[in-house]
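Student: With the input below, show me the fold.
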Amino acid sequence: MRVNSVQIDEVWARVYCCNRNTERSDQGDQFAFLAMSRESKLIIGYHVGKRELNSAFAITNELQRRIRGRFQLTTDNYTGFRQSIGGVFYNTIDYATLTKPFYNPPEEAMRRYSPARFVGVSKRRVFGQPYPKLITTSHIERQNLSVRHFNKRFCRLTLGYSKKLMNLRYAVALYVAHANFCRAHSALDGRTPAMAAKLTDHVWSVEELMGGGY
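Tutor: Numbers count the residues shown, from 1 in each chain. A predicted model of the protein is given here:
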């Protein structure tokens, strides 16, 4: 497929227990890495795993397999993204990073559940010629909000977390399929991302998504 602008971000979840209580790689902190087209809102690729270089390469390779031609890519400033994207795409795409620093004033440091204050935006060209107005991660961050809203496993401070890594991966796969083919967007004039990307001509029902029955 061909796209103009892609954004990648990761959203946190946990499996079985907190990170400090295990040394197993399939437990503790896990992340769903999502790559989304800005225009069609289509989730082009995803990967569930630790926030490490192997995961960054996994989501980058998903893009390489599925996108043809040159496109613009924006991520946050995670080092793994810069290494994997540089290794897979160097100078064949237009790549930039966007950093959003946050700050907790000393008087608010003890307010554990309050969000830190947003203090600015820093944009950086990594390679290629990225168009400045397309250097944003706002669309994929909005997708992260939908992930947390529609999938209990990603909600913080609850007992809804996955007990096995494979269950989390199944849940993400189902979410991505539903978001792409079944969920109509007002920003797309009532079409689904798959319709906007010309992968289908109608909104799929859940029954159709599941292959004709439950």
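
Student: beta partners of the residue nearest to the spatial centre of the chain?
Tutor: Residue closest to the average C-alpha location in the chain (CA atoms, centre = their mean): residue 34, at 2.5 Å. Here residue 34 shows beta-bridge partners residue 9, residue 46, assigned using DSSP bridges.

Student: Please report how far it lies from residue 7.
Tutor: When distances are taken as CB to CB, to the nearest Å, residue 34 and residue 7 turn out to be 9 Å apart. All C-beta atoms are positioned from the backbone trio N, CA, C, and that covers glycine.

Student: Overlap in contacts, the two.
Tutor: Common neighbours of residue 34 and residue 7 (criterion: CB atoms under 8 Å, 6 or more residues apart in numbering): residue 140.

Student: tell me the helices in this structure, going along the chain?
Tutor: For the chain, helices defined by DSSP state H occupy the ranges 53-66, 79-89, 138-150, 165-181, 193-196, 206-209.

Student: Determine which stretch of the ones you listed is the most buried.
Tutor: For those, average neighbour numbers computed from mean count of other CB atoms under 10 Å are highest in helix 193-196, which has a mean of 22.

Student: just how off-centre is it within its chain?
Tutor: 18 Å (CA atoms, centre = their mean, to the nearest Å).

Student: That one - contacts with which helices or strands?
Tutor: helix 165-181 (3 or more CB pairs under 8 Å, 6 or more residues apart in numbering; DSSP states H and E).

Student: which other residues reach the helix it packs on?
Tutor: The set of residues external to helix 165-181 that reach it, using CB under 8 Å, 6+ apart, is 13, 15, 26-27, 30, 32, 34, 42-43, 46, 48, 143, 146-147, 150-151, 153, 162, 192-194, 199-200, 203-204, 206, 209.

Student: Pull the distance from it to the chain's centre.
Tutor: The chain centroid and the centroid of helix 165-181 are separated by 12 Å, computed with CA atoms, centre = their mean.

Student: Put the alpha carbons of it into CSV.
Tutor: Written as CSV, here are the backbone C-alpha positions of helix 165-181 (Å, rounded to 0.1, in the frame of the first residue of the first chain):
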residue,chain,number,x,y,z
LEU,A,165,1.3,-12.3,27.4
MET,A,166,-0.4,-14.4,24.7
ASN,A,167,-3.8,-13.2,25.9
LEU,A,168,-2.6,-9.5,25.6
ARG,A,169,-1.4,-10.2,22.1
TYR,A,170,-4.8,-11.7,21.1
ALA,A,171,-6.6,-8.8,22.6
VAL,A,172,-4.5,-6.3,20.7
ALA,A,173,-4.9,-8.2,17.4
LEU,A,174,-8.7,-8.2,17.9
TYR,A,175,-8.7,-4.5,18.7
VAL,A,176,-6.6,-3.6,15.6
ALA,A,177,-8.9,-5.7,13.3
HIS,A,178,-12.0,-4.1,14.8
ALA,A,179,-10.6,-0.6,14.6
ASN,A,180,-9.6,-1.0,11.0
PHE,A,181,-12.7,-2.7,9.6
